[in-house]
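Visitor: fold the following.
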Amino acid sequence: FTPCLFYIPMCALNAIILIGSSHMLEFAHAGYLLEFARHKEFGRDGRMDVLVWIVGFVSTLFLGAFKGIISAVVLSLLIIS
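Guide: Sure, this is the predicted structure:
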């Protein structure tokens, strides 16, 4: 996968990571997701959205921006498949 990214300027890759991780700091949205997850009528979907946010946030804090975003994307793909 890395050879495909070789010719993309580093500033473009940094911008992708910055934009992707900037949305993880929207704590108001996290509160909305938690409120959404508490309603029984939404069931599993609301809880899975909260789980993806928590995994993305925590893994970004401990593993770095790129690995955190990748872990959240992989979890999302595993949930919908």
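Visitor: what mean pLDDT does the top helix by length along the chain have?
Guide: Scanning the chain for the longest helix, with DSSP state H as the assignment, gives helix 44-63. Averaged over helix 44-63, pLDDT sits at 84.
Visitor: summarise which helices and strands that helix is packed against.
Guide: Where contact means 3 or more C-beta pairs under 8 Å, 6 or more residues apart in numbering; DSSP states H and E, helix 44-63 is packed against helix 27-38, helix 65-80. Bear in mind the C-beta positions are built from the backbone N, C-alpha and C, glycine included.
Visitor: can you name every helix or strand that the shortest one contacts?
Guide: The one in question is helix 27-38. In terms of contacts (3+ C-beta pairs under 8 Å, 6+ apart), helix 27-38 is packed against helix 44-63.
Visitor: kindly state the pLDDT recorded for the residue of the chain positioned farthest from its centre?
Guide: Most distant from the centre of the chain: residue 7, at 25.6 Å, with distances by C-alpha atoms, centre = their mean. pLDDT for residue 7: 85.
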